[in-house]
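> predicted model follows, preceded by the sequence.
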Amino acid sequence: MSVHPTTLKTYASRISQHPNPTAKRVLEIMERKKSNLCVSVDVTTADEVLEVIRRVGASVCMVKTHCDIISDFTLEFANELVRLSKELDFVIFEDRKFADIGNTVTLQYSSGTHQISSWSDLTNAHPLPGPGIISGLSSVGKPLGRALLLLAEMSSAGNLATGEYTKQAMKMARDAGREFVVGFIAMGRVDVAEQEDWLIMTPGVGLAAKGDSLGQQYRTPREVVYESGCDVIIVGRGIYGIKGGEEAVKKEAERYREEGWKAYEERLARN
Ligand code: S5P
């Protein structure tokens, strides 16, 4: 297994490598809370979202949302999310997966019911439409200090984000510079050039299940952080879907935090 130099560095020592304020904040929180866990809160009412966040907040560096699945989404709810992100110290990641031409994504990011750029620190986009998608999102997000991840790979079976597509996603990020694009959704270190330091955030993480009936594929925190060298583990149903009520959700988040952090410490110990 070849070891990427970035995976031998502490999260704290990487803060200065990132010009983007949200990327810096992610790394600062990770170090402060000893957490590389992002919980994906894929529940469908505002109250449920806030309840899960109150349960898992102490254990996470980041909370990921899908605002378009929340049946009673309002900007007041978004304000409460922002307030909780400050109180409980986490970054908000709206998993919008933008995938249109620059002009359209600019409007989707800033306007409509959700006004994502007004409350979400981090969002993501498919590189499929070409670099105009980054320019468009950047025109809204960069002045606000927001950040963007490109989906270079995906966790689902049979997806097309592989090989040359992944390489081109990397190139697009490099060409855009690191002031707004801060990393990738990917299954491993796609930033193969040694001097690069991108944040790699990885879904498809579970300690119990191996997958679901719709093509999702799970790996353990250790496989993702230690073996594949990723920075943040993204866990959804493995945490909020656990049986046993609210205390069980809280305990499970803490269990994933511990597993993710142990794998990170083990990876540093290779130094
Ligand atoms: O390739 C991907 C990219 C993402 S962002 N595969 C994913 O599963 N995701 C998201 O991560 C997905 O939309 C969902 O919100 C979360 C995984 O949820 P889980 O319940 O399977 O852990």
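All right, it came through fine.

> state the phi and psi torsions of the most centrally placed residue in the chain.
Closest to where the C-alpha atoms of the chain average out (Cα atoms, centre = their mean) is M201, at 4.9 Å. The phi/psi pair for M201 (degrees, to the nearest 10) reads phi -110, psi 130.

> need the pLDDT of the residue nearest to it when sequence neighbours are not counted.
In space, and not counting its chain neighbours, M201 is closest to V232: 4.2 Å by Cβ to Cβ, 6 or more residues apart in numbering. C-beta coordinates here come from the backbone N, C-alpha and C atoms, glycine included. pLDDT recorded at V232 is 98.

> cool, M1 as well?
On the pLDDT scale, M1 gets 53.

> surely the residue nearest to the centre of the chain touches F184?
Yes - M201 is in contact with F184 according to Cβ atoms under 8 Å; the separation is 7.3 Å.

> now do the shared contacts for these two.
Common contact partners of M201 and F184 (Cβ atoms under 8 Å, 6 or more residues apart in numbering): L149.

> related to what we said a few turns ago, for C230, see how far away the residue nearest to the centre of the chain is.
Separation of M201 from C230 (Cβ to Cβ, to the nearest Å): 7 Å.

> ok, now S120?
Counting by Cβ to Cβ, the gap from S120 to C230 is 21 Å.

> over to R25?
19 Å.

> same drill for these two, tell me which one is more crowded.
More neighbours surround C230 than the other of R25 and C230, with 31 against 21 (other Cβ atoms under 10 Å).

> what's the more buried one sitting at in phi/psi?
Per degrees, to the nearest 10, the backbone of C230 is at phi -80, psi 160.

> doesn't G204 make contact with it?
No - with contact defined as Cβ under 8 Å, C230 does not reach G204; the gap is 10.4 Å.

> shared neighbours, the two?
Joint contacts of C230 and G204 (Cβ under 8 Å, 6+ apart) are M187.

> closest residue of the stretch 151-271 of the chain to the ligand?
The stretch 151-271 of the chain approaches the ligand most closely through G236 (2.6 Å), counting by Cβ to the nearest ligand atom.

> which residues touch the closest residue to that residue other than its chain neighbours?
Spatial nearest neighbour of G236, excluding adjacent residues (Cβ to Cβ, 6+ apart): S40 at 3.6 Å. S40 makes contact with 64, 95, 203, 234-236, 240 under the criterion Cβ under 8 Å, 6+ apart.

> same thing with S135?
S135 neighbours (Cβ under 8 Å, 6+ apart): 102, 176.

> distance of it from I116?
Taken as Cβ to Cβ, the span from S135 to I116 is 17 Å.

> regarding the protein, what is its longest strand?
The longest strand of the chain (DSSP state E) is strand 91-98.

> any part of that one near the ligand?
Yes - counting by Cβ under 6 Å from any ligand atom, contacts between strand 91-98 and the ligand involve D95.

> which parts of that strand are buried?
91-96, 98 (16 or more other Cβ atoms under 10 Å).

> can you check stretch 188-202 too?
188-191, 196-202.

> with just CA atoms, put it into PDB.
Extracted C-alpha coordinates of stretch 188-202, given in PDB (Å, rounded to 0.1, in the frame of the first residue of the first chain):
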ATOM      1  CA  GLY A 188      -9.700   7.300  -1.400                       C
ATOM      2  CA  ARG A 189      -6.800   9.800  -1.900                       C
ATOM      3  CA  VAL A 190      -7.500  10.900  -5.400                       C
ATOM      4  CA  ASP A 191      -5.000  13.800  -4.900                       C
ATOM      5  CA  VAL A 192      -2.100  11.800  -6.000                       C
ATOM      6  CA  ALA A 193       0.400  14.600  -6.700                       C
ATOM      7  CA  GLU A 194       2.500  14.800  -3.600                       C
ATOM      8  CA  GLN A 195       2.300  18.500  -2.900                       C
ATOM      9  CA  GLU A 196      -1.400  18.600  -2.800                       C
ATOM     10  CA  ASP A 197      -3.600  18.800   0.300                       C
ATOM     11  CA  TRP A 198      -7.300  18.400  -0.500                       C
ATOM     12  CA  LEU A 199      -9.900  17.400   2.000                       C
ATOM     13  CA  ILE A 200     -11.300  14.000   1.100                       C
ATOM     14  CA  MET A 201     -14.700  13.300   2.500                       C
ATOM     15  CA  THR A 202     -16.100   9.800   2.200                       C
END
